[in-house]
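[1] how does the following fold in three dimensions:
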Amino acid sequence: MSSAPSPTSTAMHNTIRAPYRNRNALIGMSLFGFCAAVVTYSIRAVKQESFEDVEAMIAEKRKSREASSASAASAAAPPSSAQ
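    Numbers count the residues shown, from 1 in each chain. Next up is the predicted model:
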């Protein structure tokens, strides 16, 4: 059977923890505020980013890939004899 803590042990526990309660709350709120600020900054920074350079880079790679596959196809074709 579990018994409830005695009133004296609960009061003693609260007395021991009392000096740290405000400091712990302040540290907790500070850490929460810092994390919220980092998340907010990150989301806003990504919203402002324009990804036009990424699209241009993808188009450039696609063109170079098509050009290299076209040159490879022409190099693999047997030469035609025009006699």
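
[2] what about the strands in the chain?
    Counting by DSSP state E, one finds no strands in the chain.

[3] okay, and for it, where does confidence drop off?
    For the chain, applying pLDDT under 70 flags the ranges 1-5, 75-83.

[4] can we see that at 90?
    1-16, 18-19, 45-57, 59, 64-83 (pLDDT under 90).

[5] output the longest helix belonging to it.
    For the chain, the longest helix by residue count, based on DSSP state H, is helix 7-48.

[6] how far does it sit from its chain's centre?
    Centre-to-centre, helix 7-48 and its host chain are 23 Å apart (C-alpha atoms, centre = their mean, to the nearest Å).

[7] ok, stretch 43-51 next?
    13 Å.

[8] tabulate the CA atom coordinates of it in CSV.
    The C-alpha coordinates for stretch 43-51 follow below in CSV (Å, rounded to 0.1, in the frame of the first residue of the first chain):
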residue,chain,number,x,y,z
ILE,A,43,11.1,30.7,-40.5
ARG,A,44,11.2,34.3,-41.5
ALA,A,45,14.6,33.9,-43.2
VAL,A,46,13.4,31.0,-45.3
LYS,A,47,10.3,32.9,-46.3
GLN,A,48,12.4,35.8,-47.7
GLU,A,49,14.7,33.5,-49.6
SER,A,50,14.1,33.4,-53.3
PHE,A,51,15.0,30.2,-55.0
